[in-house]
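S.K.: fold the following, please.
(one chain, ligands or ions: 1)
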Amino acid sequence: MKTAAAILVELDRPLVLTEIDIPKLKSGQVLVKVLYSRVCHTQVLEARGRRGADRFLPHCLGHEGSGIVEEVGPEVQNVCAGDEVILSWMKGPGKDVPGMQYLWGEKSVNSGAITTFSRYAVISENRLMLLPKGISLQDASLLGCAIPTGLGTIFNTAKAQAGNKIAIFGIGGIGLSLLLAARLAECSKIIAVDINPDKLEVAMKMGATNAINSLDSDPVQVIRELCPGGVDIAVDASGHTDAMRQALECVRSQGGTAIIVGNAAHGKKLEIDPWQLNQGKRLLGTWGGDNVPERDFPRYCNLVRSGKLNLSIYASAPYPLKDINQALLDLESGKVLRPLIDLSL
Ligand SMILES: [Zn+2]
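M.R.: Take a look at the predicted model:
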C-alpha cells in the first residue's frame, strides 16, 4: 500500500510531494488514516534547517493531527480499527515504537514515532489518544500539540492560580493557547506581547487585558507600569531570546516564574543577568506543558466539549496536502495562526 506524503529531502528546500510505500506494521504500531494535520513552528524550524544538522534526511514530518485507525499491529491494546483518535507527539500509555522507515522507490524515508503530513501514517500506539464523542476532528487536530502545550504550561508548569497576573510573549498558536488557559485559570491580568499588530488584536479579542507591541515600546517597562513589582508569571512562546530575557525581567522578585516554551533557532544563546535569579525569581523550561496525556487530555477534551474552551479562533481555510509548502510559509509570516491541512482534499 502506498500513501501520498510531503517529505523533507533537503534542508531549507520545499517539502517534496510524493508517494511512499507503507511497511508492514510492527508490534505496537498503528496505521492511521490522517484526516487533519496542523502545522507547528517545530516543522518550520526542521524544514528550514534551524535545528542544526539533520541526520535523518529524508524524513517525514508533522506531529499533531486527528484521524481514524485503519489497522493495528500486533500487541496494540489501546485502540482498534475505526476509532477516532488524536495524534500527538506527547507520549501516553501503550507501546513506544520510536522510529521506522517507509520506502520511496529504491530509497528509504525515515519517520519518527508520529508523522502527520501524509494521508496514511504508521504511528506508535502511545502517540494516539481516543477522541471522546462531541469534539470535531478539526478541533481534535489542535489537541496534539498547541492546546496541551499551552494548557499544560499554565496548569502543570506555572500552576497558575486565580488572580495571578501573567505576561505572554509571542501570540501564535501556542501563545493563544496560553492565553485561553490563563483565562480558564482566572488570571486577573493577561498581558499579550508581540510585534505583529494583527496578533495583538486577536489577543485582545480573546480576553487579553493589555497588549504591548515590543517594536513600539519596552515591554518590561510597560509591564512594570501596569503591574508594579512585576507579574506573577511570564511565558515566552516566541522563541526569541530577547523575549525570553524580558520574560524573566518582568516577573516579580521572590516567587515570580518565567517559563520558556518557544524554540530558539539552533545555536542561539540566552544571556541573562544572574541577579534576576538572586531575587528569588524562577526560570523554568517545560516539556510541552509537562502533560501526562492519560491524566490531562481527557480534562482538556472536557473543556472543549463543555464549551469552556472554544477553539474557533483557530479556524481558517484548510490547505490541501499539495499546498503544504504554502502553509509553512503562511505560518512563518504570521498570516495564519495554526494552518490546518485537510488530507481528504
Ligand atoms: Zn508542535
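
S.K.: now do the buried residues in the lowest-mean-pLDDT helix or strand in the chain.
M.R.: Scoring the helices and strands of the chain by mean pLDDT, DSSP states H and E places helix 41-48 at the bottom, with a mean of 92. Within helix 41-48, the residues scored as buried using 16 or more other Cβ atoms under 10 Å are 41, 42, 43, 44, 45, 46, 47. (C-beta placed from N, C-alpha, C; glycine too.)

S.K.: beta partners for residue 284?
M.R.: Counting by DSSP bridges, residue 284 forms beta bridges with residue 259.

S.K.: thought it was touching residue 251?
M.R.: No. The criterion here is Cβ atoms under 8 Å, and residue 284 misses it with residue 251 at 10.8 Å.

S.K.: can you check the pLDDT for the spatially closest residue to residue 308 that is not a sequence neighbour?
M.R.: Among residues not flanking residue 308 along the chain, residue 184 sits closest, at 6.6 Å (Cβ to Cβ, 6 or more residues apart in numbering). Turning to residue 184, the model gives it a pLDDT of 97.

S.K.: now for residue 184: which residues touch it?
M.R.: Going by Cβ atoms under 8 Å, 6 or more residues apart in numbering, residue 184 touches 151, 154, 303, 308, 309.

S.K.: what sits up against the strand or helix carrying residue 67?
M.R.: Per DSSP states H and E: residue 67 is located in strand 64-72. Contact with strand 64-72 is made by 25, 30-38, 40, 79-89, 116, 120-121, 125, 128, 131, 137-138, 140-146, 341, 343, as judged by Cβ under 8 Å, 6+ apart.

S.K.: what parts of the chain come near the ion?
M.R.: 40, 42, 145 (Cβ under 5 Å from the ion).

S.K.: OK, contacts around the second one?
M.R.: Put plainly, it is residue 42. Neighbouring residues of residue 42 by Cβ under 8 Å, 6+ apart: 63, 145, 263.

S.K.: separation between the residue nearest to the first one when sequence neighbours are not counted and residue 40?
M.R.: Counting by Cβ to Cβ, 6+ apart, residue 63 lies nearest to residue 89, which is 3.8 Å off, once chain neighbours are set aside. The gap separating residue 89 from residue 40 is 9 Å, by Cβ to Cβ, to the nearest Å.
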